[in-house]
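**Student:** predicted model and sequence follow; I will ask about them next.
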Amino acid sequence: MTTQPDVIEQDNSTQPRFQLSLRTVSLILVAVGLLVSGYLSYSTLTNTATVCIDNGSFSCEVVQRSVYSKLAGIPIAYLGFGIYVVLAVLLLLENRVPFLREYGITLIFGITLFSFMFSMWLVYVQAALLQAFCQWCLTHEITMTLLFIVSGIRLKRHLSS
């Protein structure tokens, strides 16, 4: 049995065969990221409070109103939304544009690597500097971590094929 390098297979004799490509997993994660960063962007744009657990170490307002919530004057929520839009476009055009057929997986990996590292810095800021967490921000950071892992697996399979 030959398998495609970008497919996860689950083969149980009692259940029908199920295939899910890593590209599809990436698209699902990007959709989750768009929803989360879109909500944070909307909240920032309209200057409204997010729905948040405000107890103990969770305080979205502390995180979103901190000096760390902007980079060069641009709200980080907007930057996150923009990154997810770019990733969505790259994933959707990956099989249609010759340049992206050849370099798309590597480009997506590079973007997710940078975004993952920046997200880990944001986790550090929340934990060590602000001593407050935003569950929306943590959801983004988990989503980006998973996207980075999937992109890494896709790149490894692409390079070895």
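**Tutor:** Looks like it arrived, so ask away.

**Student:** can you get me a residue count around the nearest residue in space to Val125 that is not next to it in sequence?
**Tutor:** Spatially, and ignoring its direct neighbours in sequence, Val125 is nearest to Tyr68 (4.8 Å; C-beta to C-beta, 6 or more residues apart in numbering). Where C-beta positions appear, they are placed from N, C-alpha and C, glycine not excepted. Counted with other C-beta atoms under 10 Å, the neighbours of Tyr68 add up to 15.

**Student:** what's the pLDDT at Tyr68?
**Tutor:** The model reports Tyr68 with a pLDDT of 96.

**Student:** how close does it get to Leu91?
**Tutor:** 29 Å (C-beta to C-beta, to the nearest Å).

**Student:** one step back: tell me the contacts of the residue nearest to Val125?
**Tutor:** Neighbouring residues of Tyr68 by C-beta atoms under 8 Å, 6 or more residues apart in numbering: 76, 122, 125, 129-130.

**Student:** give me the element the residue nearest the centre of the chain is part of.
**Tutor:** In the chain, the C-alpha nearest the mean C-alpha coordinate belongs to Met144, at 2.9 Å (C-alpha atoms, centre = their mean). Using DSSP states H and E, Met144 maps to helix 135-160.

**Student:** what's Cys52 sitting at in phi/psi?
**Tutor:** Backbone geometry at Cys52, expressed as degrees, to the nearest 10, gives phi -150, psi 150.

**Student:** contacting residues around it?
**Tutor:** 58-61, 134-136.
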